[in-house]
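Visitor: below are the sequence and a predicted model for it; my questions follow.
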Amino acid sequence: MRRISDTMDEKFLELPVDGRVDTCPQCGYTTGFHVSFLKQPSFVKSIVICPECHTRFDANWILASESRGWQ
Ligand SMILES: [Zn+2]
């Protein structure tokens, strides 16, 4: 699985989004993910975390920008 981003000391794997995404490609857990948020200089990115194996994925979902009031 391709690692797509490194932020400080964290590493994230790519989470392909194609239709419904509720299965972890690393361990096969099928009941969805936890979501956390990572502040970047000009936007906020969501990080998807498998509750079973704790792998962190970057689905490349941008949630908000500075101009929209996220601080
Ligand atoms: Zn997993």
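Guide: Noted; the coordinates are in hand. Numbering: from 1, shown residues only.
Visitor: what residues does this protein put near the ion?
Guide: Cys24, Gln26, Cys27, Tyr29, Cys50, Glu52, Cys53 (CB under 5 Å from the ion). Yep, even glycine has a C-beta here, placed from its N, CA and C like the rest.
Visitor: out of those, which are buried?
Guide: Cys24, Tyr29, Cys50 (16 or more other CB atoms under 10 Å).
Visitor: can those residues go into CSV with extra columns for pLDDT and distance to Asn60?
Guide: As requested, those are arranged in CSV below (pLDDT from 0 to 100; distance: CB to CB, whole Å):
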residue, pLDDT, distance to Asn60
Cys24, 95, 17
Tyr29, 97, 21
Cys50, 97, 17
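Visitor: where does this protein have its least confident helix or strand?
Guide: strand 3-7 (a mean of 56; mean pLDDT, DSSP states H and E).
Visitor: quick check: next helix or strand after that one?
Guide: Next helix or strand after strand 3-7 toward the C-terminus (DSSP states H and E): strand 10-14.
Visitor: list the contacts of Glu52.
Guide: If a contact means CB atoms under 8 Å, 6 or more residues apart in numbering, then Glu52 has Cys24, Cys27, Tyr29 as its contacts.
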